[in-house]
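1. Make a model of this:
(2 chains)
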Amino acid sequence: MRKSAAGLPAGAADDAAPSLRRELATFLILAFVVLPALLFGAVAAYGFVVWFLQILYLGPPT
Amino acid sequence: MKRLLAFIRDLFLRPSARIGLGVLVVGGFVAGAVAWQGFNTAMEATNEEAFCLTCHTMRDNLLPELQKTVHWSNRTGVRARCPDCHVPHEFTDKVARKMQASREVLGQLVGTIGTREKFNEHRIVLARREWRRLNANGSRECRACHDYKDMDFDRMRPASQVAMRAAAERDQSCIGCHKGIAHQLPDLKGEHNPAFDTLVSAAAGQGVEEGDEYYAILPRPLYRDAALTQPVGTIEVAARVKVLETQGDAQRVELELWRKNKGYGRVWYSHFGLNIVSAILEKEISRDEDLVTVLEAREDPLTGLEWQQVKAEVWLAAESLLDSPEEIWTIARSSYNESCSTCHRQPDEAHFDANAWPGLFAGMVGFTSLDDDTAKVVLKYLQTHSADFRGTAHGADPTLGVVQTARP
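-> Now for the predicted structure:
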């Protein structure tokens, strides 16, 4: 595998080149834990915003 | 924080060093599909009746009530589950409603409605919230199953036809008439109308001059003494009194009213010959000449009864009076318009006279959700704005007063 990535200072890529295991773990956690949690959080936040708007300005949905 | 930002920047800008692009894309695709499906599954699971019933408030209070109604079991085998009626069906409103449920979860955890008694106490608050929602959306959830456009009016009972055709014509919200259709109605008798709070605070700020006339904001007990210890009766809402003196928290007022010279003569009316109740005295007191002075007597030609104009000086708690009844009438007017127009066009106030209103009102008030105090205020409002006070027998426009009959 090449060690330096295009567009980044060679040094930064060199000293932080991760192991396969570590990169895989990052990928799996991101794809199956962090992003679904963000999805849930975004929908919940949307729901709360709509609810608060209903309390403050909109009134119950028509 | 800085490290987190650097981590995120690296994450997006630096290509992966060990994992192939294909693995990333396939993995991302699978993760996306799983997340999407999981989200929908969760939305559906929280829309199951079983989910609602995991909370004991629902299982102990609302389920047994629903089970007694046609929405639970009927000859067609179609039935309504909790979310069919109580969760909006469209995405945005549904998500907002689900977040709103955090309040209900908190209530369950804190135990606000942990027992049947507590639940019944709060029931009116919860019911109001749900009625308001259904009023605003025109009972959309009901109409997911029962829509006017799909109704065959000819197959309804004749009495239902009349009401339903009229409702369909006006596209009326179902909840307007069909409250309490799937759960018990709240106990409205002891309920307190929040509109009266503004009257109470207005009365607290009312400056009172001795010798001027004022109006009682709500029914209040009357006493013989300034210490307010010997009750003599009750003053009714919007009754007119003359303030004689103020002593601390008590006020001495003069009542000058009319009564029928019959029996105990304990019900006192505001005008000669009109049954507009202004005060009700204890029966031991009402003939007590130390307290009650008869000013004059007149016979009502219609009933042959003798009416007496009577005067009494009594005490009542301070801050119960306002210098004009208009604020009271504003509350009464909006209650009248709101409650009576749900089922029919409300008659003009002046379509009936003051003595006809009580009978009509008593016959109709049971169909409304008015509490006792509000009902009294509304009746008083109707009587004091009736034909007797407007000069014409049928108000300005006679057609305004006709109770609207639905066209078949």
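
2. can we go C-alpha only for contacts and neighbour counts from here?
-> Fine.

3. Around residue A:33, count how many other residues there are.
-> Using other C-alpha atoms under 10 Å in any protein chain shown, residue A:33 has 13 other residues around it.

4. Checking my notes, it in a helix, right?
-> Yes - according to DSSP: H, G, I helix; E, B strand; the rest coil, residue A:33 belongs to a helix.

5. and the gap between it and chain B?
-> Using C-alpha to the nearest C-alpha, to the nearest Å, one obtains 9 Å as the distance from residue A:33 to chain B.

6. and the next element down the chain from the helix or strand of chain B with the lowest mean pLDDT?
-> Least confident helix or strand of chain B, by mean pLDDT, DSSP states H and E, is helix B:56-57 with a mean of 79. Next helix or strand after helix B:56-57 toward the C-terminus (DSSP states H and E): helix B:63-66.

7. Show residues contacting that following helix.
-> B:53, B:72, B:182, B:183, B:184 (C-alpha atoms under 8 Å, 6 or more residues apart in numbering or on different chains).

8. at 10 Å what do you get?
-> With contact meaning C-alpha atoms under 10 Å, 6 or more residues apart in numbering or on different chains, helix B:63-66 is reached by B:49, B:52-53, B:56-59, B:72-73, B:80-82, B:181-184.

9. what about burial for these, which qualify?
-> B:49, B:52, B:57, B:72, B:80, B:81, B:82, B:182, B:183, B:184 (16 or more other C-alpha atoms under 10 Å in any protein chain shown).

10. quick one, what contacts the residue nearest to the fourth one when sequence neighbours are not counted?
-> Once its chain neighbours are removed from consideration, residue B:72 has its nearest residue in residue B:79; the separation is 5.5 Å (C-alpha to C-alpha, 6 or more residues apart in numbering or on different chains). Listed by C-alpha under 10 Å, 6+ apart, the contact set of residue B:79 reads B:70, B:71, B:72, B:73.

11. Next: residue B:241.
-> Neighbouring residues of residue B:241 by C-alpha under 10 Å, 6+ apart: B:211-216, B:235, B:252-257, B:278, B:313, B:321.

12. How many residues are close by residue B:55?
-> For residue B:55, using other C-alpha under 10 Å, the count is 14.

13. excluding its backbone neighbours, what's nearest it?
-> What sits nearest to residue B:55 in space, not counting adjacent residues and going by C-alpha to C-alpha, 6+ apart, is residue B:108, at 7.4 Å.

14. CA atoms of the one helix or strand the one you found maps to as PDB?
-> Element membership for residue B:108 (DSSP H and E) is helix B:91-110. The C-alpha trace of helix B:91-110 is given here as PDB (Å, rounded to 0.1, in the frame of the first residue of the first chain):
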ATOM      1  CA  PHE B  91     -44.800  12.200   8.800                       C
ATOM      2  CA  THR B  92     -44.100  15.700  10.200                       C
ATOM      3  CA  ASP B  93     -47.100  15.800  12.500                       C
ATOM      4  CA  LYS B  94     -46.400  12.200  13.500                       C
ATOM      5  CA  VAL B  95     -42.800  12.900  14.400                       C
ATOM      6  CA  ALA B  96     -43.900  16.000  16.300                       C
ATOM      7  CA  ARG B  97     -46.500  14.000  18.200                       C
ATOM      8  CA  LYS B  98     -44.000  11.300  19.000                       C
ATOM      9  CA  MET B  99     -41.600  13.900  20.500                       C
ATOM     10  CA  GLN B 100     -44.500  15.400  22.400                       C
ATOM     11  CA  ALA B 101     -44.900  12.000  24.000                       C
ATOM     12  CA  SER B 102     -41.800  12.800  26.000                       C
ATOM     13  CA  ARG B 103     -44.100  14.800  28.200                       C
ATOM     14  CA  GLU B 104     -46.300  11.700  28.700                       C
ATOM     15  CA  VAL B 105     -43.200   9.600  29.400                       C
ATOM     16  CA  LEU B 106     -42.200  12.100  32.100                       C
ATOM     17  CA  GLY B 107     -45.700  12.000  33.500                       C
ATOM     18  CA  GLN B 108     -45.500   8.200  33.800                       C
ATOM     19  CA  LEU B 109     -42.000   8.400  35.400                       C
ATOM     20  CA  VAL B 110     -43.000  11.100  37.900                       C
END
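
15. Show me what secondary structure element comes after that helix.
-> helix B:116-136.

16. so what secondary structure elements neighbour that next one?
-> helix B:82-86, helix B:140-143 (3 or more C-alpha pairs under 10 Å, 6 or more residues apart in numbering or on different chains; DSSP states H and E).

17. would you list these in JSON lines and tack on distance to chain A and mean pLDDT?
-> JSON lines is the format used below for those (distance: least, C-alpha to the nearest C-alpha, whole Å; pLDDT from 0 to 100):
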{"stretch": "helix B:82-86", "distance to chain A": "13", "mean pLDDT": "92"}
{"stretch": "helix B:140-143", "distance to chain A": "9", "mean pLDDT": "93"}
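
18. Can I get the ones you listed in TSV including distance to residue B:384?
-> Putting the helices and strands packed on helix B:116-136 into TSV (distance: least, C-alpha to C-alpha, whole Å) gives the following:
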stretch	distance to residue B:384
helix B:82-86	42
helix B:140-143	39
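
19. coming back round to it: next one: the helix holding residue B:108 to chain centre, how far?
-> 24 Å (C-alpha atoms, centre = their mean, to the nearest Å).

20. same question, stretch B:349-358
-> Relative to the centre of its chain, stretch B:349-358 is centred 23 Å away, using C-alpha atoms, centre = their mean.

21. just for chain A, where's the confidence low?
-> Residue ranges of chain A with pLDDT under 70: A:1-17.

22. got a list of what the residue nearest to the spatial centre of chain A touches?
-> Using C-alpha atoms, centre = their mean, the residue of chain A that lies closest to the mean C-alpha position is residue A:35, 4.9 Å off. The neighbours of residue A:35, taking C-alpha under 10 Å, 6+ apart as the test, are A:29, A:41, B:31, B:32, B:35.

23. of these, closest to residue B:130?
-> Nearest to residue B:130 among those: residue A:41, at 26.7 Å, using C-alpha to C-alpha.

24. Now do the contacts for that closest one.
-> Going by C-alpha under 10 Å, 6+ apart, the list of residues near residue A:41 reads A:35, A:47.

25. before we move on, what about residue B:106?
-> Here residue B:106 is in contact with residue B:112 (C-alpha under 10 Å, 6+ apart).

26. For it, give its distance to chain A.
-> 15 Å.

27. Return stretch B:1-10 as CSV; C-alpha atoms alone will do.
-> The C-alpha trace of stretch B:1-10 is given here as CSV (Å, rounded to 0.1, in the frame of the first residue of the first chain):
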residue,chain,number,x,y,z
MET,B,1,-12.2,19.6,20.7
LYS,B,2,-9.4,20.5,18.4
ARG,B,3,-8.5,16.8,18.1
LEU,B,4,-12.1,15.9,17.3
LEU,B,5,-12.1,18.5,14.5
ALA,B,6,-8.9,17.2,13.1
PHE,B,7,-10.3,13.7,13.3
ILE,B,8,-13.4,14.7,11.4
ARG,B,9,-11.3,16.6,8.8
ASP,B,10,-9.0,13.6,8.3
